[in-house]
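J.: Quick one: sequence plus predicted model below, questions after.
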Amino acid sequence: MTQQWLRQVKLVVGNSSEATDLSNMRIRFAVRQGDVATPNNADIVITNLSAATANKIKKEYNSIVLQAGYSGNLATIFEGEIVQVRVGRENPTDTYVNVIAKEGHVAFNFGFVNKALASGHTYRDQVDACLAALKPYGITAGFIADLGATKMPRGKALFGMVRDQLRTICQATGTSWSIQGKKLQIVKNDTYVPGDAIVLNSRTGLVGMPVQTLGGIEVRCLLNPQIKPGRRIQIDQASIQEATLTTNYQNAQNYLIPETAADGLYRVITVDHSGDTRGNPYYSDIICLAVSGKIIPRALADRGVNVFPQDQ
């Protein structure tokens, strides 16, 4: 882990033929990444751009890439399509351009598959057919979990929105799908994306104390672009503040409180990166679940995470 000082932010907006680097401006951002089908989103504000640049962003540009981190640990935290641009004035002297963007937004809304698969095909064959339908929108394969070797006794016609086909596949295989950047990611609900666990403690950027809640274990650290949905983090078990149990016998929420991990290993479900190149906020706010945990909070299902797979 590099020393966490000398903040760095790089912001590039553009289209297929040109791009503009806005890294030297004041940039404020809030990025949400999740292990959910709904596209990741970003809310970015750039201060005091020229009228010509602001007009170009509003009328000509359609893509945006945001990198953030510290010296030696700068990486992409968002790469997606612009869905709205607002131009306004904060006060008599300062103007702003507010960009709302989503990752895989076009693919999510317009990806359509029309493919017939012969008998003997597998779930991975179905995923590959979906990937072929997403390719025109720039989406390629990221980490795809092992979906098993089960061969279908009959042929299958995949016809409809790709997002609907992927949801059906994930319900049948106990997985969750999402688009991270320009990559399709499918992860088993009881495992994680391969890679070393990111250790979070007071020396590596942990801020405050992790808290056990109905929605998962909530953790805040200094902004770390390596923390992504599906990856593992490691927290000192003794630092987690346990949730308070209810004494109301009619309330079953005690059974929904997620387990803590004796080994301190957790899988990231969502991570929110927030920052300001001229201000104090520069954090990653994480919701995670124990890798070895058995109880999954209902709150995650409400967010769209497929945590209750169909019986096989």
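T.: Thanks, I have it.
J.: okay, CA-based contacts and neighbour counts for the rest of this
T.: OK.
J.: The stretch 201-312 of the chain: helices as residue ranges?
T.: Taking DSSP state H, counting those that start in this stretch as the test, the helices found in the stretch 201-312 of the chain are 298-302.
J.: now swap in the stretch 1-150 of the chain and tell me
T.: 51-59, 105-110, 123-134.
J.: what about those, which gets the closest to residue 35?
T.: helix 105-110 (14.6 Å; Cα to Cα).
J.: who are the neighbours in contact with the residue nearest in space to the middle of the chain?
T.: When Cα atoms, centre = their mean is applied to the chain, the residue found nearest the centroid is residue 33 (2.3 Å). Residue 33 makes contact with 40-41, 180, 228-229, 270-272, according to Cα atoms under 8 Å, 6 or more residues apart in numbering.
J.: redo that, cut-off 6 Å
T.: Residues near residue 33 by Cα atoms under 6 Å, 6 or more residues apart in numbering: 40, 270-271.
J.: How about residue 27?
T.: Contacts of residue 27 by Cα under 6 Å, 6+ apart are 45-46, 276-277.
J.: Just the residues you listed: which are in strands?
T.: Using DSSP state E, the members of those that fall in strands are 45-46, 276.
J.: Out of those residues, which is nearest to residue 199?
T.: Closest to residue 199 out of the ones in strands among the contacts of residue 27 is residue 276 (24.5 Å), distances taken as Cα to Cα.
J.: That closest one bridge partners, please.
T.: Assessed by DSSP bridges, residue 276 has beta-bridge partners residue 28.
J.: In this structure it contacts residue 26, no?
T.: No: assessed by Cα atoms under 6 Å, residue 276 is found out of contact with residue 26, at 7.3 Å.
J.: about what we covered before: tell me the one among the ones in strands among the contacts of residue 27 nearest to residue 168.
T.: Nearest to residue 168 among the ones in strands among the contacts of residue 27, with distances taken as Cα to Cα, is residue 45, at 37.2 Å.
J.: The nearest residue to the closest one once chain neighbours are set aside and residue 44: what is the separation?
T.: Distances taken as Cα to Cα, 6 or more residues apart in numbering put residue 98 closest to residue 45, at 4.4 Å, once the chain neighbours are dropped. Per Cα to Cα, to the nearest Å, residue 98 is found 6 Å from residue 44.
J.: Kindly point out the strands partnered with the helix or strand hosting residue 176 and how each is oriented relative to it.
T.: Element membership of residue 176 [criterion: DSSP states H and E] is strand 175-180. Paired neighbours of strand 175-180 in the sheet (DSSP bridges): strand 183-188 (antiparallel).
J.: Residues contacting the partner strand, please?
T.: By Cα under 6 Å, 6+ apart, the residues outside strand 183-188 that reach it are 139-145, 175-179.
J.: what does stretch 115-133 give?
T.: Stretch 115-133 is contacted by residues 113, 150-158, 162 when judged by Cα under 6 Å, 6+ apart.
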